[in-house]
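**Q** Task: produce atomic coordinates for the following.
(3 chains)
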Amino acid sequence: MAEGSVQLKHVTKSYNGESFAVRDAEVTIEPGEFFVLVGPSGCGKSTMLRMIAGLEELTAGEIYMHGESANDTAPSKRRLSMVFQNYALYPHLSVEENILFGLKVRKISKQEQKKRCLEACDMLGMTDYLKRKPRELSGGQRQRVALARAVVSEMPVCLMDEPLSNLDAKLRAQMRTEIRQLQQKLGITMIYVTHDQVEAMTMGDRMMVLKDGEVQQIGRPLDLYNQPANEFVAGFIGAPPMNLTEAVIDGAGELHVHGTRGLLPDERWNRPGKVRLGIRPEHLHLEPSASTDWSLPVVIRTEEILGNETLLTMSAGPDRWKAKLPGQWDFKQESEATVYLNSADLHVFHAETGTAMPGQVNVQMQEEASL
Amino acid sequence: MKQAEELPHRVKSVQEAVERYRVPSAKSVWQKSRNYRLALLYLLPSLVLFGVFMFYPMIYSLYLSFFFTDAQGSPALFVGLENYAYLWESASFRRSVIVTLLFVAMTVPAGVVLALFLALIANEKLRGIGFFRTIFASTLGMSVAASAVIWLFMFHPTAGILNAMLLGLNLPALSWLQDSTMALVSIAITTVWMNTGFSFLILLGGLQNIDEHLYESARIDGAGYFYQLRRITVPMLSPTLFFIITISFINAFQSFGQVDILTGGGPAEATNLIIYSIYREAFIYYQFGPASAMAIVLFAAVLVLTLLQFKFGERKVHYQ
Amino acid sequence: MRKTILYTLLSIAALVMFFPILYAFSVSFMTSEDILNRQVIPSAPTLDNYRGVLESVPILHYLMNSFIVASTATLGMLIVSALAAFIFAFIPFKGRQAVFLLFISTLLIPWEATMIPNFLTIQSLGWMNNYLALTVPFFALAFGTFLLRQHFKTVPHELYEAAQVEGLSHFQFFYKVVVPYAKTSFVTLGIFGFLTTWNMYLWPLLVTTNDTVRTVQIGLRRLQADEVATNWGLVMAGVVLVIIPTLILLAAGQKQLQKGLTKGAIK
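**A** Numbering: from 1, shown residues only, chains lettered A, B, ... in the order given. The predicted model follows:
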């Protein structure tokens, strides 16, 4: 397979021989792809990245880099660069020396070093502080030095381990775009670890959601958003998270929620028993429309007006739900209201396993894709 | 349920994963042992030196202590525990042990209290405090030979400044080094003075590690200086204090130079500390067997002390 | 009020603690008459004692020997300890804990308990009256290894990993990253090592029998033994020459030493 590809086959890691840090992960990352590993802390995403880098040995399974088995390959021979959470800058070296450190070790010619350094600094807009020491730089500038170090290495694969977590919110948003643009300009494969689902959604071509060492779902960000494979992905991706509640499907193909009932929008769901029902906050409306076919009584608890949209917290039966409404709304707290929704927007999960049942959304997406 | 059933078979346990998917490493034994070779290479100098100058001599000391030796120091006759029995019966050795214990009792508490006092007053944030700290630490830079020579002069019965001061205060002059009781006291004074620099520096470091907020909140509660000292400083400093006490003990056991220069063990063996006793036995009388037995006794004493430090020191640290 | 008390205490304490050193300085500039009269300050300061001490004993030769011994021992100590500390901080291997315990166990052995066999070893190696006897046995130092290891452990693990990705060998990582990063701990251990080896007494007494490599501490003892009855001024001039290097070193490195030693001692 081509230069820049990374393939994981049954990759498994256990530190104690009993519990999994990473369990049987399978994925093929294509050359030039921006691939995000995302999940809550302790989910195994960093372990996975470090196994790809060669910093951690595999308990079982195999990793292919650039089409070749890399299990026994030293990190420096895997032709990759890596950007660390705390940047891993050498405090006693200047910015320029930091950037060129790896090239010197690899005995690249002085001329070439200079050329690459200039290019990288140009690209990242940091030509002015080449002579400074890392401690004299701001967090954002240090971040750029770390990026420049990856850029000058000209390796076909770049690994990043939560590179933005030490920056403030504004800078983070800016760097997201910059890193994405940089990756596209260089055409390299990027494997990017984050716990922040916003980063995953906005930056990745594809993403892998992990929990407790297990791969939950792999796919394009919007696919994961629209068709979460299970309750965990549904809750993890999207802010505020998807509203979830218990529901019952009866023998007549009707769905019972909080004392209301309606027809199942998809006959494939028609298996009597308990299910978990999910609806995204933006799919709840306060007024009926042509597309809504279901209504639920709720009690408004609190509201947060964000200017262009309003977040409502409400009690729906025993559950707390959130609704995201465009525009500015004003509600009395503790007032009763009715929410309207389109049953096509519903997600249905198995009550025990939490896995999603195939639904209408699924069908629509496939139709769109085939167009 | 359908999708759940379609999921590929997932491994149930780590063991299963290893059995099914483990890819044996193609690395050679040479490559796999890389860390070992590296460690061996880097640790070799230390290990060889420790072996030659620490472990081997320790064992050899034990071995020698079971022998009578000839003039070259080679073991000549196996005598079992006779050297130890000889020590046990030797009035000189018993005297040496008693003198050493007395010496410890004189130097350790006094040394620790003095260093703690200096550290406390030098821990205040005052202008010019750096100057005082340097002065207090200065004896760390004083060699035992230089210190002992200076004190030897100060203790001098006629030319010495100490007696001049006593006379100036209308007190009788003392024969510091000639009197068998005073000689040990004099050596103790010299030793405390010499060791203060090190103890002071370590205790000051310990004091500076105590969180300033503790004092601030105590002051808000209206606690006085001595209350703070008793309830905050000493408990928080206890690991450091314990360390210094142990070091002082060991230093006291190992005092040699001051004895050699000030008194030569006299008068009448009144200052014949254990190390001096070993030195004399081995390098003046060439009795390597009994000297080795003494060295083993010294080793045992230091061992017990250090183990106590590890045991209690560790526990104290956990209180923090 | 509080300040006044403190300054008073500090001044008295400083005077008492520093008096012997000041007094030695003072006496070294005195004439023998001043000394006989038990003066504290020289009435007519003179350099005669210094001239005398330089003529009567090879004090400069002793000083030179001490410099050679202390610097070599310090350098050796730094290198040997740093190599071992690097392994304990960065290179995991099975049994490392056991080796570490072995290092700790050397703390339990007082140097004096081993001096007889060590003396015999030096004799059989033919190292009597040789710099090797005064330096090599002190190269390996458990305390130094622990001190450096503590500091090495503060090197962020990410730097180690970055070095692996960039293809540094372990030795390159050691001298290009770890050593510059933990520079200050080397200074601490260096000062400590220099002070202790410069001030060694018992061991040089055993392994030097003539002036070729004899250090200044032993020289001082001889000076005192030879001159004590006649000329105290001369002896004090010798003392001053011996303590000046270490006092300067201490004053310069006191802060550093305090921080570093506290860390090594307590953690």
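
**Q** For chain C, what's its nearest residue on chain A.
**A** The minimum distance from chain A to chain C, using C-beta to the nearest C-beta, falls at A:S76 (3.1 Å). In this view, the C-beta of every residue, glycine as well, is placed from N, C-alpha and C.

**Q** what's C:L249 in contact with, if anything?
**A** For C:L249, the contacting residues are B:G141, C:I191, C:F194, C:L195, by C-beta atoms under 8 Å, 6 or more residues apart in numbering or on different chains.

**Q** ok, A:C43 - contacts?
**A** Contacts of A:C43 (C-beta under 8 Å, 6+ apart): A:L210, A:K211, A:D212, A:G213.

**Q** likewise B:I135?
**A** B:I135 touches C:A14, C:M17, C:F18, counting by C-beta under 8 Å, 6+ apart.

**Q** related to what we said a few turns ago, secondary structure of the residue of chain A closest to chain C: a helix, I assume?
**A** Yes: assessed by DSSP: H, G, I helix; E, B strand; the rest coil, A:S76 belongs to a helix.

**Q** Produce a PyMOL select command limited to the buried residues of the contacts of A:C43.
**A** Buried residues within the contacts of A:C43, by 16 or more other C-beta atoms under 10 Å in any protein chain shown, are selected in PyMOL with:
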select buried, chain A and resi 210+211+212+213
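
**Q** is it possible to export the contacts of A:C43 to CSV including secondary structure and distance to chain C?
**A** Putting the contacts of A:C43 into CSV (DSSP: H, G, I helix; E, B strand; the rest coil; distance: C-beta to the nearest C-beta, whole Å) gives the following:
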residue, secondary structure, distance to chain C
A:L210, strand, 21
A:K211, strand, 25
A:D212, coil, 24
A:G213, coil, 21
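
**Q** Quick check: residues of the stretch 51-200 of chain C near chain B?
**A** Within the stretch 51-200 of chain C, the positions near chain B by C-beta under 8 Å from any C-beta of the partner chain are C:79-81, C:83-84, C:86-87, C:91-93, C:96, C:99, C:102-103, C:106-121, C:136-137, C:139-140, C:142, C:145, C:170, C:195, C:198-199.

**Q** about what we covered before: so who does the residue of chain A closest to chain C touch?
**A** C:Q164, C:V165, C:E166, C:G167, C:L168.

**Q** now, among those, which is nearest to C:D211?
**A** C:L168 (48.3 Å; C-beta to C-beta).

**Q** quick one: contacts of the lengthiest strand in chain A?
**A** In chain A, taking DSSP state E as the definition, the longest strand is strand A:294-305. Contact partners of strand A:294-305, identified using C-beta under 8 Å, 6+ apart, comprise A:257-258, A:260, A:262, A:288, A:310-316, A:320-321, A:328-343.

**Q** And the residue in the stretch 151-300 of chain A that chain B sits nearest to, how close does it get to A:R261?
**A** Nearest residue of the stretch 151-300 of chain A to chain B, counting by C-beta to the nearest C-beta: A:R271, 7.1 Å away. Distance of A:R271 to A:R261, given as C-beta to C-beta, to the nearest Å: 16 Å.

**Q** same check, this time on B:F53
**A** For B:F53, the distance to A:R261 - C-beta to C-beta - is 88 Å.

**Q** neighbours of C:M1, just the number please.
**A** Residues within reach of C:M1, counting by other C-beta atoms under 10 Å in any protein chain shown, total 5.

**Q** Contact partners for it?
**A** No residues are in contact with C:M1 under the rule C-beta under 8 Å, 6+ apart.

**Q** so the residue of the stretch 151-300 of chain A closest to chain B is in which element?
**A** If you go by DSSP states H and E, A:R271 is not part of any helix or strand.

**Q** Run through the residues of chain C sitting next to chain A.
**A** Counting by C-beta under 8 Å from any C-beta, chain C sits next to chain A at C:156, C:158-159, C:161-162, C:164-168, C:172, C:177, C:180-181, C:183.

**Q** thinking again about what came up before, of B:F53 and A:R261, who's got more company?
**A** Just comparing B:F53 and A:R261: by other C-beta under 10 Å the higher neighbour count belongs to B:F53, 23 against 14.

**Q** so who does that one touch?
**A** Contacts of B:F53 by C-beta under 8 Å, 6+ apart are C:T114, C:N118, C:T121, C:P137, C:A140.

**Q** Dihedrals phi and psi, residue 40?
**A** Looking at chain A here, since you left the chain open. phi -70, psi 170 (degrees, to the nearest 10).

**Q** looking at chain C here, not the other one
**A** phi -100, psi -40.
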